[in-house]
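K.L.:
After the sequence you'll find the predicted model.
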Amino acid sequence: MELLDVREKIETIDKEILKLVADRTELAGTVLELKKAEGKSIEDGGQEQVVLNRAVDYATELSLDIGSIKQIYEILIRMNIERQHELSGEGNLP
């Protein structure tokens with residue numbers, strides 16, 4: 001296998017990751033509507049911890065750097081919270 005081949009595979013994986021991030025962020029609208037219907041606020045520390053714990057557990061199973069995975073998921077959670085604030089008219093995003 002050539003270096004170029006490996007780099008092309010990495011590029012393909014990166015595109016897949018970004019598509020999944022976009023899909024995840026797109027679900028923020030659905031989450032927001034369900035939270036509104038249930039009278040819940042956008043910020044939900046309990047659920048955020050559930051997501052972080054799940055990510056750390058899976059990272060452990062895959063022998064990934066737990067600290068890095070936790071940081072990635074903190075960013076993903078923040079992105080979804082910001083998107084929900086934006087969709088509710090409270091956000092700072094364009």
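P.N.:
Nice, thanks for sending it over.

K.L.:
Residue 1: neighbouring residues, count only.
P.N.:
Residue 1 has 6 neighbouring residues, counting by other Cβ atoms under 10 Å. Any C-beta I mention is one placed from the backbone N, CA and C, and that applies to glycine too.

K.L.:
wait, residue 36
P.N.:
Residue crowding around residue 36 was assessed by other Cβ under 10 Å; the count is 13.

K.L.:
what packs against the strand or helix carrying it?
P.N.:
Using DSSP states H and E, residue 36 sits within helix 28-37. Applying 3 or more Cβ pairs under 8 Å, 6 or more residues apart in numbering; DSSP states H and E, one finds that helix 28-37 makes contact with helix 66-87.

K.L.:
Show me what the helix it packs on is in contact with.
P.N.:
Helix 66-87 has contacts (Cβ atoms under 8 Å, 6 or more residues apart in numbering) with 21, 24-25, 27-29, 31-32, 35, 42-43, 48, 51-52, 55-56, 59-60, 91-93.

K.L.:
Kindly recompute the last result at 10 Å.
P.N.:
By Cβ atoms under 10 Å, 6 or more residues apart in numbering, the list of residues contacting helix 66-87 from outside reads 17, 20-21, 24-29, 31-33, 35-36, 41-44, 47-49, 51-60, 62, 64-65, 90-94.

K.L.:
Would you indicate which residues of that helix are buried?
P.N.:
Residues of helix 66-87 classed as buried: 69, 72-73, 76-77, 80-87 (neighbour count, 16 or more other Cβ atoms under 10 Å).

K.L.:
From the chain's centroid, how far away is that helix?
P.N.:
In terms of Cα atoms, centre = their mean, to the nearest Å, the centre of helix 66-87 is found 5 Å from the chain centre.

K.L.:
okay, it in PDB with CA atoms only?
P.N.:
Output of helix 66-87 as PDB, limited to C-alpha atoms (Å, rounded to 0.1, in the frame of the first residue of the first chain):
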ATOM      1  CA  ILE A  66     -10.400   8.700  26.500                       C
ATOM      2  CA  GLY A  67      -9.400  12.300  27.200                       C
ATOM      3  CA  SER A  68      -9.400  13.200  23.500                       C
ATOM      4  CA  ILE A  69     -12.800  11.400  22.900                       C
ATOM      5  CA  LYS A  70     -14.300  13.300  25.800                       C
ATOM      6  CA  GLN A  71     -13.100  16.600  24.400                       C
ATOM      7  CA  ILE A  72     -14.600  15.700  21.000                       C
ATOM      8  CA  TYR A  73     -17.900  14.800  22.500                       C
ATOM      9  CA  GLU A  74     -17.900  18.000  24.600                       C
ATOM     10  CA  ILE A  75     -17.600  19.900  21.400                       C
ATOM     11  CA  LEU A  76     -20.300  17.900  19.700                       C
ATOM     12  CA  ILE A  77     -22.700  18.500  22.600                       C
ATOM     13  CA  ARG A  78     -21.800  22.200  22.600                       C
ATOM     14  CA  MET A  79     -22.500  22.400  18.800                       C
ATOM     15  CA  ASN A  80     -26.000  20.800  19.300                       C
ATOM     16  CA  ILE A  81     -26.800  23.100  22.200                       C
ATOM     17  CA  GLU A  82     -25.800  26.100  20.200                       C
ATOM     18  CA  ARG A  83     -27.900  24.900  17.300                       C
ATOM     19  CA  GLN A  84     -30.900  24.400  19.500                       C
ATOM     20  CA  HIS A  85     -30.400  28.000  20.900                       C
ATOM     21  CA  GLU A  86     -30.100  29.200  17.300                       C
ATOM     22  CA  LEU A  87     -33.300  27.400  16.200                       C
END
